[in-house]
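Enquirer: Here is my input, please return the structure:
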Amino acid sequence: MRHLSKAAAAALAIATAAGGLITAAPASAAGSVHLTKIYYNSPGSDNGSNASLNAEWVQIKNSTSRAVGLKGWKLADASGHTYTFGTYSLGAGKTVTVHTGKGRDTAAHRYQNSRAYVWNNTKDTATLKKPSGARVDTCGYNNARGSYVNC
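Expert: Model prediction:
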């Protein structure tokens, strides 16, 4: 049988007295809501058409085992252009794409209804925040030759 050092025995006694041993969360509880991809340079020329605006987007994934309500969550760029989710629930394991232009919101696609580009073609940072302002995730890029970044 292995013997614990006095320090390890003391730490174990304190942890047990404080409410039990600390254990890892079950795998099913693991996961997060996070940014997965930013398509910042829409194909073709930036002509300002709605099709071109909607080819600029950010994907958000829920990798948890349950739906997450995103009402009031904000997606913003470094300049402060902000999209705020209305009443919306992102299902377990699902992804939502937030497009810059106009369109009809669905479970998989949301639209900022902007008439101007949001994501800079050379360098920018996306930030996802809860209604409290707590930062959930960020993803940045600095590449004028690319079109997208995987977060």
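Enquirer: Could you measure from Ala108 over to Lys94?
Expert: For Ala108, the distance to Lys94 (C-beta to C-beta, to the nearest Å) stands at 7 Å. From N, CA and C alone the C-beta is placed, and that goes for glycine too.
Enquirer: Give me the more crowded residue out of those two.
Expert: The neighbour comparison of Ala108 against Lys94 (other C-beta atoms under 10 Å) goes to Lys94, with 15 against 12.
Enquirer: and that one, what does it touch?
Expert: Neighbouring residues of Lys94 by C-beta atoms under 8 Å, 6 or more residues apart in numbering: 61-62, 107-108.
Enquirer: Filter those residues down to the buried ones.
Expert: 61-62 (16 or more other C-beta atoms under 10 Å).
Enquirer: Between all of the contacts of Lys94, which two are at the greatest distance?
Expert: Spatially, the most separated pair among the contacts of Lys94 is Lys61 and Ala107, at 13.5 Å (C-beta to C-beta).
Enquirer: which residues of the protein fall in strands?
Expert: For the chain, applying DSSP state E gives strands covering 33-39, 57-62, 68-69, 74-76, 82-84, 89-90, 95-99, 109-111, 123-129, 135-142, 148-150.
Enquirer: Switch those over to JSON lines; also include distance to Asn50 and mean pLDDT.
Expert: Formatted as JSON lines, the strands of the chain follow (distance: least, C-beta to C-beta, whole Å; pLDDT from 0 to 100):
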{"stretch": "strand 33-39", "distance to Asn50": "16", "mean pLDDT": "98"}
{"stretch": "strand 57-62", "distance to Asn50": "13", "mean pLDDT": "98"}
{"stretch": "strand 68-69", "distance to Asn50": "29", "mean pLDDT": "97"}
{"stretch": "strand 74-76", "distance to Asn50": "19", "mean pLDDT": "98"}
{"stretch": "strand 82-84", "distance to Asn50": "16", "mean pLDDT": "98"}
{"stretch": "strand 89-90", "distance to Asn50": "24", "mean pLDDT": "98"}
{"stretch": "strand 95-99", "distance to Asn50": "9", "mean pLDDT": "98"}
{"stretch": "strand 109-111", "distance to Asn50": "10", "mean pLDDT": "98"}
{"stretch": "strand 123-129", "distance to Asn50": "21", "mean pLDDT": "98"}
{"stretch": "strand 135-142", "distance to Asn50": "24", "mean pLDDT": "97"}
{"stretch": "strand 148-150", "distance to Asn50": "20", "mean pLDDT": "97"}
